[in-house]
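Visitor: Mind looking at a prediction? Sequence and model below.
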Amino acid sequence: MYKVEICGVNTSKLPLLTEEEKKTLFDRIQKGDTDAREKFIKGNLRLVLSIIQRFSNTGENIDDLFQIGCIGLMKSIDHFDVTMNVKFSTYAVPMIIGEVRRYLRDNNSIRVSRSVRDTAYKAIYAKEAMMKESEKEPTIEEVAQKIGIKAENIVLALDAIQNPVSLYEPVYGDGTDTLHIMDQISDKKNKEDSWIEKISLKAAIDHLSDREHKIIKLRYFEGKTQMEVAEEICISQAQVSRLEKKALSSMKHYLG
């Protein structure tokens, strides 16, 4: 599968250098010969190709892995010491592997297996097809029955392919205040548990202004979002956010 064109390179026609050719080219490279460096790189692309085959089960694009492997190869050339009396390939292999592993670690913090992705895509395609036929959105159970996969597996697969989003991801800014995703989430847990009584914050709340007191009450007693609070007291969501943060800061200062 690897004897194909990768990054514009026909891998079936990659040159192969002898040890003597490598030594001669490296002597020229050390003298600043850029043509020799280019020829040396091309003569070692088979080495890169053999290494990236070890990562074929990662689901990464083969072109991307090949390019990263080439970066590792070039770093190996730049740092190789001929006085070490070892073959270039002996030195280069761990360098190239390390470069690929760093890429996989830094750019793919969450790995999703191919089988899970396949399940998610089958469910998505089936759902779209069923919506076209019936003009209504099918349930997970209906999709599961259609493709013969358990509903719980479909739910897990669809969740797995979603990109995680930080609660501190900005969603709006007017130049002075920035609203984050966290600001738009209602706090139902605080509403149900009445945390204000449990941690004795009544005195701190009593020191707030009437508007700040109302915002804290609506947000943390009634579990409303900042947008809902803004509509109720007729100010902007940005103002709610600012007043809420000021009120919490005042309460924190009061409690010491």
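Guide: Okay, I see it. These numbers come from a predicted model, not from an experiment.
Visitor: Helix or strand: which one has the closest residue to residue 239 other than its chain neighbours?
Guide: In space, and not counting its chain neighbours, residue 239 is closest to residue 230: 7.2 Å by C-beta to C-beta, 6 or more residues apart in numbering. Heads up, the C-betas are built off the backbone N, CA and C, glycines and all. If you go by DSSP states H and E, residue 230 is part of helix 226-233.
Visitor: now whichever helix or strand comes after that helix, how far from the chain's geometric center?
Guide: Next along the chain after helix 226-233, taking DSSP H and E as the criterion, comes helix 237-255. On the basis of C-alpha atoms, centre = their mean, to the nearest Å, helix 237-255 sits 32 Å off its chain's mean C-alpha point.
Visitor: in helix 237-255, what counts as buried?
Guide: 237, 238, 239, 240, 241, 243, 244, 247, 248, 250, 251 (16 or more other C-beta atoms under 10 Å).
Visitor: The residue nearest to residue 239 and residue 31, how far apart?
Guide: With the distance defined as C-beta to C-beta, to the nearest Å, residue 230 ends up 70 Å from residue 31.
Visitor: For these two, indicate the residue with more neighbours.
Guide: Taking other C-beta atoms under 10 Å, residue 230 and residue 31 do not tie; residue 230 has more neighbours (19 against 8).
Visitor: Give me the pLDDT value at that one.
Guide: As predicted, residue 230 sits at a pLDDT of 88.
Visitor: can you check the one 4 residues further on too?
Guide: What the model reports as pLDDT for residue 234 is 89.
Visitor: and if you look at the one 5 residues further on?
Guide: The pLDDT attached to residue 239 in the predicted structure is 89.
Visitor: again, but for the one 5 residues further on
Guide: The predicted structure scores residue 244 at 89 on the pLDDT scale.
Visitor: what's near enough to touch it?
Guide: Contacts for residue 244 (C-beta atoms under 8 Å, 6 or more residues apart in numbering) come out as 212, 215, 216, 219, 226.
Visitor: The first one belongs to a strand?
Guide: Looking back up the chat, that one is residue 212. No. Per DSSP: H, G, I helix; E, B strand; the rest coil, residue 212 lies outside any strand segment and is helix.
Visitor: count of neighbours near it?
Guide: Counted with other C-beta under 10 Å, the neighbours of residue 212 add up to 18.
Visitor: repeat for residue 46
Guide: Using other C-beta under 10 Å, residue 46 has 15 neighbouring residues.
Visitor: Helix or strand: which one has it?
Guide: Assigned by DSSP H and E, residue 46 falls in helix 45-52.
Visitor: quick check: mean pLDDT across that helix?
Guide: Average pLDDT, helix 45-52: 88.
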